[in-house]
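**Student:** here's my sequence, what's the structure:
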Amino acid sequence: MSRPAPLLSGALFLLVLLALSMVWWGPIARDFAAAGTGYGAKQLCSGVFVSGRDPRTVLEEDLGDLPAVISAHANPDTGTVTASLGPLSRTAHYREGLGCTLAAGGTALEPMPVNANRAGTGTEAFPEAPDDAPRRLALGPLMEAAFSEPARDAQRGTRALVVVHRGQIVAERYAPGFDRDMPLPGWSMAKSVTNALTGVLVRDGQLGLDAAVPQWRDANDGRESIRVRHLLQMTSGLAFDEDYADPLGDPIRMLFNEPDAAAFVRSKALEAEPGSEWDYTSGTTNLLMALLRDAVGDDRAWADFPREALFRPLGMDSAVLEPDASGNFVGSSFMLATARDWARFGQLYLHDGVWNGERLLPEDWVAFTREPAPDADKGGYGAHFWLNRGDPDTGERPWPELPADTYAASGYQGQEVVIVPSADLVVVRLGLSRPREAWDREWFVGGVLDVLGED
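**Tutor:** Predicted coordinates:
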C-alpha cells in the first residue's frame, strides 16, 4: 500500500511557504513595480511633452535600463503617459507651464492655475563671441572631445554644452537630436534653484534663515530646532537615507511612490542635532519647498511663484519646475530648462545675485551660499551648491585641478552648472552619463581654463 502522506505534507509545506512568501514579498513587489512604472511614466512624460522629443527615442535612450516587462505609452491627445507592469499602471499628466506630475497613491492632482504665457523680462539674446573669435576656435578641439565616447563600458552621453566667458557665449554645441531650444532635465541642479527661490523670499522679508519649520514648532522631540539655514545646508539631522542603489530607498520612494514628497520627509525622526552633521539628502530640499509654499501663502501665487520670482526676471522662458500631486514643486529633482537658460541661472550667481542691474537675491546671499556647511567633507558643500573650498585643516579640495572659488549646481548623470568667479566663467553641461563618472568635470572645466588662460 502506497503512503502519500509525506508527499502530501511536502506539497502542503510548499504551498504554505509560497503563501507566506506572497504575503511577505507581495507589498515589496508592488513597491518595486510602482517605483519602476512611476519612473517610466514621469520621465517619458517630461521627455515628450516638455523637451518635445520623440517617445521612441526617450524609451530607447533614456529608459533603456527599465525592465523589459514595463511598457510605457504617451498619449498626445490627453497629455498623459501611462507605464504598466502586469495589472499595475501609473500615469503622469502634463500641464502647460507646470510640466509633468505623477499621479500617486490614488490621489487627484492638486489644481494649480498658472499663467504659462507670460513673457520674460530678460529675453534679450545671449551675447555671443563671433564664430571666428580666437576663444571659439581654440575651444573647438575640447568641445569635440567632450562629445566623444570614452570607452565601450561607459557612456559619456553629452547632449549640450555652453561656455560663457566674460558674459559672452564662447562655445556651444549640441548632440544630434538636441538643440538650443530644447529644455533638458537638471535633476539635482533643481536644488540650487530652490536656493534662489528661498533667497527671493528672504529678500522680501517673507522668510528668514532662522525661521522654524511650522509643522514642528511644538514637536518637543528635537525637530522643533530645525531652521531654514539647516535645510539649506543639509544639516537638518533628519533620518532620510539618500540611497539610490535601493529601489525601495527613501529618495526613490519619495519621488516615484509618494503623492506628497514633503509629507514623506516630515514623517522622519531626528537622528542628529540640527546644525551639527552634514548629510546630503533630497528630502531636505522638498521639505524646504513646502516651507516656501507656506511663506507664499496663496495657492494661485504659488503656482506662478518660480516663474514670477526667478524665471521671468532672468528671461529663463524655457524653464519648468514640476510639482508633485500635492502641488509642491519637487525642488530636489524635477526641473527642465535649455542649456542657455541654465547658463542664465549661473550668471545670476556669478554676478552676486544681480541681473541687469536688479538685485534678485539678497546682499550676502551668494556669500552665504558659498560658505561651507558645518561638517561638510573637504568644505565641499554650502547652501544647496557644491563647493571647492577645501578642508580647513589640510586644504584638500574636492576638485584639486580647479580653482578654490569654483562652485557648482550638480545633478544625476552629469548635469552641471559650474561657476568660476576668478575666471568670469560659467560652464553648462547636460547629458546622460552612465556611469556618472564618464563625465569628468575637472578634465573639461580645467581644459577650458587652460585655453582661456592663453587668450
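
**Student:** report the buried residues of stretch 181-193.
**Tutor:** Neighbour-count burial for stretch 181-193 flags 182, 183, 184, 185, 186, 187, 188, 189, 190, 191, 192, 193 (criterion: 16 or more other C-beta atoms under 10 Å). To be clear about C-beta, it is placed using only N, CA and C from the backbone, and glycine gets the same treatment.

**Student:** farthest-separated two in the residues you listed?
**Tutor:** 182 and 191 (22.1 Å; C-beta to C-beta).

**Student:** for residue 422, give me its contacts.
**Tutor:** Shown in contact with residue 422 (C-beta atoms under 8 Å, 6 or more residues apart in numbering): 403, 405.

**Student:** from residue 352, how far off is it?
**Tutor:** Residue 422 sits 14 Å away from residue 352, going by C-beta to C-beta, to the nearest Å.

**Student:** next one: residue 57
**Tutor:** Distance from residue 57 to residue 352, by C-beta to C-beta: 40 Å.

**Student:** do residue 439 as well
**Tutor:** From residue 439 over to residue 352 (counting by C-beta to C-beta), the distance is 28 Å.

**Student:** these two: which has the busier surroundings?
**Tutor:** Taking neighbours as other C-beta atoms under 10 Å, residue 439 and residue 352 compare with residue 439 leading, 24 against 14.

**Student:** now for the nearest residue to that one once chain neighbours are set aside, how many residues are close by?
**Tutor:** Nearest-residue entry for residue 439: residue 414, 3.6 Å, with adjacent residues in sequence omitted and distances by C-beta to C-beta, 6 or more residues apart in numbering. Residues within reach of residue 414, counting by other C-beta under 10 Å, total 25.

**Student:** list the contacts for residue 429?
**Tutor:** If you count contacts by C-beta under 8 Å, 6+ apart, residue 429 has them with 146, 158, 160, 161, 414, 415, 416, 418, 439, 441, 444.

**Student:** run through the helices of the stretch 351-455 of the chain in chain order.
**Tutor:** Ranges of helices in the stretch 351-455 of the chain, per DSSP state H, counting those that start in this stretch, are 365-369, 441-453.

**Student:** gap between the residue nearest to residue 354 when sequence neighbours are not counted and residue 29?
**Tutor:** Of all residues not flanking residue 354 in the chain, residue 360 sits nearest, at 7.0 Å (C-beta to C-beta, 6+ apart). In this view, residue 360 and residue 29 are 48 Å apart by C-beta to C-beta.

**Student:** look at these two and report which has more neighbours.
**Tutor:** Using other C-beta under 10 Å as the criterion, residue 360 and residue 29 rank with residue 360 on top: 19 against 14.

**Student:** got the phi and psi for the more buried one?
**Tutor:** phi -90, psi -30 (degrees, to the nearest 10).

**Student:** for residue 326, what are its contacts?
**Tutor:** Contacts of residue 326 by C-beta under 8 Å, 6+ apart are 107, 110, 259, 260, 261, 262, 263.

**Student:** on that earlier part again, quick one, what contacts the residue nearest to residue 354?
**Tutor:** So residue 360 contacts 196, 199, 200, 203, 310, 313, 314, 348, 353, 354 (C-beta under 8 Å, 6+ apart).

**Student:** please apply the same query to residue 168.
**Tutor:** 127, 128, 129.

**Student:** out of those residues, which is nearest to residue 36?
**Tutor:** residue 128 (42.6 Å).

**Student:** ok, back up a step: looking at the contacts of residue 168, state which has the most neighbours.
**Tutor:** Counting by other C-beta under 10 Å, top hit in these: residue 129 with 21 neighbours.

**Student:** relative to residue 448, how far out is it?
**Tutor:** 13 Å.

**Student:** check residue 113 too.
**Tutor:** Separation of residue 113 from residue 448 (C-beta to C-beta): 43 Å.

**Student:** neighbour-wise, which of those two wins?
**Tutor:** Per other C-beta under 10 Å, whichever of residue 113 and residue 448 has more neighbours is residue 448, with 26 against 11.

**Student:** pLDDT wise, what is the more buried one at?
**Tutor:** With respect to pLDDT, residue 448 scores 98.

**Student:** please apply the same query to residue 23.
**Tutor:** Here, the pLDDT recorded for residue 23 equals 46.

**Student:** over to residue 218?
**Tutor:** According to the model, residue 218 scores 72 on pLDDT.

**Student:** ok, now which ones touch it?
**Tutor:** Contact partners of residue 218, counting by C-beta under 8 Å, 6+ apart, are residue 224.

**Student:** just confirm residue 161 contacts residue 428, I think it does.
**Tutor:** Yes - using C-beta atoms under 8 Å, residue 161 is in contact with residue 428, at 7.0 Å.

**Student:** now for the two: what residues contact both?
**Tutor:** Counting by C-beta under 8 Å, 6+ apart, the residues touching both residue 161 and residue 428 are residue 339.

**Student:** comparing those two, which shows the higher neighbour count?
**Tutor:** Using other C-beta under 10 Å, the more surrounded residue of residue 161 and residue 428 is residue 428, with 28 against 23.

**Student:** on that earlier part again, write the ChimeraX selection for whichever of the contacts of residue 429 are buried.
**Tutor:** Remark: buried members of those, expressed as a ChimeraX selection using 16+ other C-beta under 10 Å:
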select :146,158,160,161,414,415,416,418,439,441,444
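
**Student:** make CSV out of the contacts of residue 429 and add distance to residue 378.
**Tutor:** Listed next are those as CSV, based on distance: C-beta to C-beta, whole Å:
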residue, distance to residue 378
146, 26
158, 27
160, 29
161, 27
414, 20
415, 21
416, 18
418, 17
439, 20
441, 15
444, 21
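
**Student:** what about the residue nearest to residue 354, distance to residue 272?
**Tutor:** Distance of residue 360 to residue 272, computed by C-beta to C-beta: 33 Å.

**Student:** with residue 279 instead?
**Tutor:** The gap separating residue 279 from residue 272 is 8 Å, by C-beta to C-beta.

**Student:** anything in contact with each of the two?
**Tutor:** Common neighbours of residue 279 and residue 272, using C-beta under 8 Å, 6+ apart, are residue 237.

**Student:** residue 401: how many residues sit nearby?
**Tutor:** 15.

**Student:** next one: residue 229
**Tutor:** 18.

**Student:** ok, then the element right after the helix or strand that it is a member of?
**Tutor:** Here residue 229, judged by DSSP states H and E, is contained in helix 228-232. Where DSSP H and E defines the elements, the next helix or strand beyond helix 228-232 is helix 250-256.

**Student:** report all helices and strands that that following helix contacts.
**Tutor:** Helix 250-256 sits against helix 5-45, helix 261-266, helix 282-296, with contacts defined as 3 or more C-beta pairs under 8 Å, 6 or more residues apart in numbering; DSSP states H and E.

**Student:** elements contacting the helix or strand just after the last one?
**Tutor:** Of the helices and strands lying after helix 282-296 in sequence (DSSP H and E), the nearest is helix 299-306. Using 3+ C-beta pairs under 8 Å, 6+ apart as the contact criterion, the elements in contact with helix 299-306 are helix 189-203, helix 282-296.
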